[in-house]
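1. Fold the following and give me the result.
(one chain, ligands or ions: 1)
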Amino acid sequence: MNLQEYKEAVEKLNEYAYHYYVLDDAITTDEVYDKLYHEVLEYEKQNPQDTLKNSPTQRVGDKVSEKFYKAKHLSRMWSLEDIFNADDLREWLKKTYKLDEHISFYCEPKYDGASLNLIYDNGELIQAITRGDGSEGEDITVNVKTIRSVPLSIEHKDKIEIRGEVVIFKDEFEKINQERLKNGEALFANPRNAAAGSLRQLDSSITASRNLVFLPYGIGINSLEHKLLSDKMKYIYELGFKKPPQSALCNGFDEIESIYEVMKKDRDSYQMMLDGMVIKVNEISSQIDMGYTVKNPRWAVAYKFPAVEKITTIKEIKLQVGRSGAVTPVAVVEPTDIEGVVVERATLHNFDEIERKDIRLGDKVIILRSGDVIPKIVKVLTNERDGSEVVFEKPKDCPVCGSELLQEDVLIKCQNLSCEARVVNSIIYFASKPCLNIDGLGKKIVELLFTSGLVKSVVDLFDLTLEKLLTLEGFKEKKSQNLLDALQNAKGKEYYRFINSLGIEHIGEVASKTLADEFGFAWIDATKEQIAQCDGIGEEMAESVVEFVRVNRETILKLQEILQPLEPIKKDEAKDNKFKGKTVVLTGTMSKSRGEIKEMLENLGAKVSSSVSKKTDFLIYGEDAGSKYDKAMNLGVECLAEDLLDIN
Ligand code: IVH
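-> As a prediction, this is how the structure comes out:
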C-alpha cells in the first residue's frame, strides 16, 4: 500500500462506517471491513508519520486517564422547560405566539441519555465536553472518539459546536446487563445511567465496548446562515451525523398534538429511549428575539411523555425454577399502572442483585417499564423505610421439589433432574415455536401430564395414547386427539429444531442451526475442538454441547429415532445449480415467507446474507423492493424477480 492508497483506504473505511453506524444500512460485510482495516493498521505501523487524524484506528480507546479535566463550553448549554399535557401546550403556545406570531415549529424526539457538546475546528473534532453545569463540563474527548456515530472529521471548516445526546440502544442495554449478570457485576438501572456511566470511564476501551450512539439535537456557536432551524439540522445530518427516527414541521396546536401522539404511540418501537418530544421555534431570527430565561430558551419546550418509571412497593419475592434448575427471584409489587399497562412483577435477576441493591420486603422502589421486557427495579427508596421492611433470606432448598440447592457461579440451582419445575419447563421449551412447535403443550396441560404421572420426561410424551389421555380431567376425545395429532406433527421436522429442542445450555436457535449445518446427524460425535471451530460458537458453548451429549447420549438417540428429523443437506453436497456456493440477498415482499425462501436457498447450497455488497452474487426481489434493489443495480449485482424463480 502506498500513501495514496492508504488515504483512499481510510476514506473507504469511513464511508463503510458512516453507512453502518449513521445510516443503519451496511454497504459491505464485516469481513471486507476488517481486512481493509488491518491493511490500514499495518501501513500506519510502518509509516506512523502519515497516520491521518480521521483514520478509524484513532478511535480505539486504550489510554487510561487518571481523571477528567474541566473544560468550558464555547457557548452555554441550556435546559428545557417541561410541559405535560394539552393544556400546558396551549398555554405555552399562547405565551410564545405573544412574543412573535409569525412562527412555526420543529418537533423532534427528546432522547433519554447524557448530553454532550462536540467542538469541531477546521473540520476536525477537537474537544468533547459533558454538559456539567451548562457553562463548564468535563473533557471526555478520548472516550467520545470511540463512538462510531461521532465523525472525527467533517466537511465544515469554521468552528462549530454540535450538541446532542449520547444514548445506548435498548437491545444493547439488555445485552450489557446480561453480560454483567453472568459476570456477577452490578446491573445498570436504565439505558440513561448506562450511557452516562460508559461515557465517564477512565479506560476508554470500556467506553468503546459499549456501542454508544450520538444523536445531534442542536448547535452552539456557529457561522451558519440558514434562516430555519430545520435547515441547520439538515445541514448537520449531511455532515455525517445521525438523523432522528422522527421529526416534523408543525403549524400550531393541532399539528403538534398529532405528531406528539404518533411519537408517544411509537416510542416502544424506537431503538433508543425517549422521554418526550421537544418543540422548537423554527425561525432563527424569532429565536434570537425571544431569547432566554435564567435556565431555558423561551423558544423551546419539552413536551414530556407519561413516565415509564413509577414508585411502588415490594409485596413478596417469588422464586421460579427454570428448565436448567436455576432458581430466580421475581418481585411481586403493588399493581401499578405504567402507561396503560398494569405492572405486577419486576425482575430481580439473581440473589446477588437483591443483596447489592439491598431490596427488602415492604420497600418502596422505583420501577421502569420499557417495551416488552419485564419491568426492572431502578432504585430502592431507602429514605422511605419505617423499620417494618424485612430482609429476604436466600433459599437453601428448591421451592418446588424441596431438594437441596447448590451455588454454581452467580446462580443457585436445583440439582434434581426430576424436579417438576425442571421437567415441566423443559417440555414447554421442547414444544415452543423455535423448537418443535407443538400446539397444545402450554403450562397448565404439561403440569397436569406431569402430576398425573403420565409424563415424567420428554420421551414419555410419545407414549401417550387416547386411553391414557381420556383419564385426565378436562380431556375429552377431541382435545385428546388434537394433542396426539400435534405430537405426530413434531415428526420429520428440520434437524436444527431437534437440536434446539434439547435445551442444551448456551445453545439457542442460531447455534443449533450451525451445528446442524456443519455436522448433520454426526454432531453428537463431534469433539469439543471441532465444535469450537464453528462460526459463532465459543469454548464455553462447545464444552456445554460435549458435556450434554456425554450425559444424555441415549436419550438423544431415542428421541431422534422417534422424531425422525430431516438431516440437512450439507452445503457442499447440494446438487449443482445456479445458487450453489453463491451469496444471495432477499428484499421486498415475497409470495412465501422469507424464512421459507431462505431455507430453500440454503438447501441449494447458497449463503443468504442481509445486506448488499460487492460480494453479493444475486438479489432476489419481491414487491415494493426498496434501497437494496437500487444498491444492487448500482453495483451491477444480478437481480432476479422472486415470482419468476424456480427454486422449489
Ligand atoms: S434542546 C436550547 N433537544 O434534554 C435547547 N434537548 O431537558 C437545549 N435532550 O440538556 C436542549 N433530546 O440533554 C434538546 N431533541 C432534543 C433533546 C434534548 C434530549 C436533553 C438535553 C438537554 C435536556 C433538557
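2. How about the contacts made by the residue most central in space within the chain?
-> Compute the mean C-alpha point of the chain, and by C-alpha atoms, centre = their mean the closest residue is residue 171, 1.7 Å away. Contact analysis of residue 171 by C-beta atoms under 8 Å, 6 or more residues apart in numbering lists residue 271. From N, CA and C alone the C-beta is placed, and that goes for glycine too.
3. Could you grab the helix/strand/coil label for it?
-> helix (DSSP: H, G, I helix; E, B strand; the rest coil).
4. Could you measure from it over to residue 133?
-> 33 Å (C-beta to C-beta, to the nearest Å).
5. Give the rounded mean pLDDT of the helix or strand encompassing residue 33.
-> According to DSSP states H and E, residue 33 maps onto helix 30-46. Helix 30-46 carries an average pLDDT of 90.
6. Quick check: what element follows that helix along the chain?
-> strand 70-72.
7. is any part of whichever helix or strand comes after that following strand close to the ligand?
-> Moving toward the C-terminus from strand 70-72, the next helix or strand (DSSP H and E) is strand 82-83. No. Strand 82-83 lies apart from the ligand when judged by C-beta under 6 Å from any ligand atom; the minimum separation is 7.3 Å.
8. Against which helices or strands is strand 82-83 packed?
-> helix 86-99, strand 300-304 (3 or more C-beta pairs under 8 Å, 6 or more residues apart in numbering; DSSP states H and E).
9. highest average neighbour count across these?
-> Neighbour counts (mean count of other C-beta atoms under 10 Å) averaged over each of the helices and strands packed on strand 82-83 peak at strand 300-304, with a mean of 22.
10. ok now the following helix or strand past that strand, how far from the chain's centre?
-> Going down the chain from strand 300-304, the next helix or strand is strand 309-321, by DSSP H and E. Centre-to-centre, strand 309-321 and its host chain are 25 Å apart (C-alpha atoms, centre = their mean, to the nearest Å).
11. Could you do stretch 493-504 as well?
-> 25 Å.
12. re the thing from before, quick one: which of the helices and strands packed on strand 82-83 is nearest the ligand?
-> Of all the helices and strands packed on strand 82-83, strand 300-304 sits nearest to the ligand, with 5.0 Å by C-beta to the nearest ligand atom.
13. pLDDT of that closest one, averaged?
-> 96.
14. tilt between it and helix 86-99?
-> 170 degrees (axes from the mean of the first three to the mean of the last three C-alpha atoms, to 10 degrees).
15. neighbouring strands for strand 300-304, and are they parallel or not?
-> strand 82-83 (parallel), strand 274-281 (antiparallel) (DSSP bridges).
16. what is the rounded mean pLDDT of the first one?
-> Think strand 82-83. pLDDT averaged over strand 82-83 gives 92.
17. what's in contact with it?
-> Counting by C-beta under 8 Å, 6+ apart, 89, 91-92, 276, 301-304 sit against strand 82-83.
18. Now for those residues: which two are most distant?
-> With C-beta to C-beta as the measure, no two of the contacts of strand 82-83 lie farther apart than 91 and 276, at 16.6 Å.
19. Okay, angle between the helix or strand where residue 335 lies and strand 309-321 too, please.
-> Secondary structure from DSSP H and E places residue 335 in strand 327-338. With the same axes, to 10 degrees defining the directions, strand 327-338 sits at 150 degrees from strand 309-321.
20. Quick one: closest of the helices and strands packed on strand 82-83 to residue 229.
-> Closest among these, using C-beta to C-beta: strand 300-304, at 9.4 Å.
21. show me what contacts the residue of the chain found nearest the ligand?
-> For the chain and the ligand, the shortest gap (C-beta to the nearest ligand atom) falls at residue 115, measuring 3.0 Å. Counting by C-beta under 8 Å, 6+ apart, residue 115 makes contact with 77, 130-131, 163-166.
22. Which secondary structure state does it sit in?
-> strand.
23. about what we covered before: redo the helices and strands packed on strand 82-83 as JSON lines? Include distance to the ligand.
-> Shown next, in JSON lines, are those (distance: least, C-beta to the nearest ligand atom, whole Å):
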{"stretch": "helix 86-99", "distance to the ligand": "14"}
{"stretch": "strand 300-304", "distance to the ligand": "5"}
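24. mind checking which of those is nearest residue 191?
-> Relative to residue 191, the nearest member of the helices and strands packed on strand 82-83 by C-beta to C-beta is strand 300-304, separated by 17.0 Å.
25. Need the contact partners of that closest one.
-> 80-84, 88-89, 92, 110, 256, 260, 275-281.
26. got it, and stretch 587-604?
-> Contacts for stretch 587-604 (C-beta under 8 Å, 6+ apart): 494, 517, 568-569, 571, 574-575, 577, 579-580, 584, 586, 608, 619-626, 628-629, 642-643, 647-648.
27. Isn't residue 464 up against residue 488?
-> No. Taking contacts as C-beta atoms under 8 Å, residue 464 lies outside contact range of residue 488: 10.8 Å.
28. and those two? which has more neighbours close in?
-> Taking neighbours as other C-beta atoms under 10 Å, residue 464 and residue 488 compare with residue 464 leading, 17 against 11.
29. what about the residue of the chain most remote from its centre, which SS state?
-> Using C-alpha atoms, centre = their mean, the residue of the chain lying farthest from its centre is residue 467. It sits 47.6 Å away. At residue 467, secondary structure determined by three-state DSSP is helix.
30. Spit out the contact partners of it.
-> Residue 467 neighbours (C-beta under 8 Å, 6+ apart): none.
31. Around the ligand, pick out the residues from the chain.
-> Counting by C-beta under 6 Å from any ligand atom, the chain sits next to the ligand at 78-80, 108, 110-111, 115, 131, 165, 217-218, 278, 297, 300, 302.
32. quick one: contacts for residue 16?
-> Counting by C-beta under 8 Å, 6+ apart, residue 16 has contacts 26-28, 32-33, 36.
33. Closest one of those residues to residue 66?
-> Nearest to residue 66 among the contacts of residue 16, with distances taken as C-beta to C-beta, is residue 33, at 33.7 Å.
34. Now the closest one. Nearest residue, chain neighbours left out?
-> residue 16 (5.3 Å; C-beta to C-beta, 6 or more residues apart in numbering).
35. Flag every buried residue along stretch 305-317.
-> By 16 or more other C-beta atoms under 10 Å, the buried positions in stretch 305-317 come out as 305, 308-310, 312-314, 317.
36. what pLDDT, on average, does the longest helix seen in the chain get?
-> When the chain is parsed with DSSP state H, its longest helix is helix 539-563. Model confidence over helix 539-563, given as mean pLDDT, is 94.
37. Next secondary structure element downstream of that helix?
-> Following helix 539-563 toward the C-terminus (DSSP H and E): strand 583-587.
38. Can you give the strand pairings for that next one, parallel or anti for each?
-> Next to strand 583-587 in the sheet, as set by DSSP bridges, lie strand 607-609 (parallel), strand 618-621 (parallel).
39. Format these as JSON lines; extra columns: mean pLDDT.
-> Formatted as JSON lines, the strands paired with strand 583-587 follow (pLDDT from 0 to 100):
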{"stretch": "strand 607-609", "mean pLDDT": "83"}
{"stretch": "strand 618-621", "mean pLDDT": "92"}
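40. Packed most tightly, which of those would that be?
-> Note that of these, strand 618-621 is the most buried (mean count of other C-beta under 10 Å), with a mean of 22.
41. if we look at that one, which residues are touching it?
-> 579, 582-588, 590, 597, 601, 612, 628-629, 632, 637-642, 645.
42. Which positions within stretch 616-633 qualify as buried?
-> Buried-residue list, stretch 616-633, by 16+ other C-beta under 10 Å: 616-622, 625, 628-629, 631-632.
43. Farthest pair within the residues you listed?
-> Greatest spatial distance in the buried residues of stretch 616-633: 617 and 622, 18.1 Å, computed using C-beta to C-beta.
44. among the strands paired with strand 300-304, which gets the worst mean confidence?
-> It's strand 82-83: among these, that one has the lowest mean pLDDT, namely a mean of 92.
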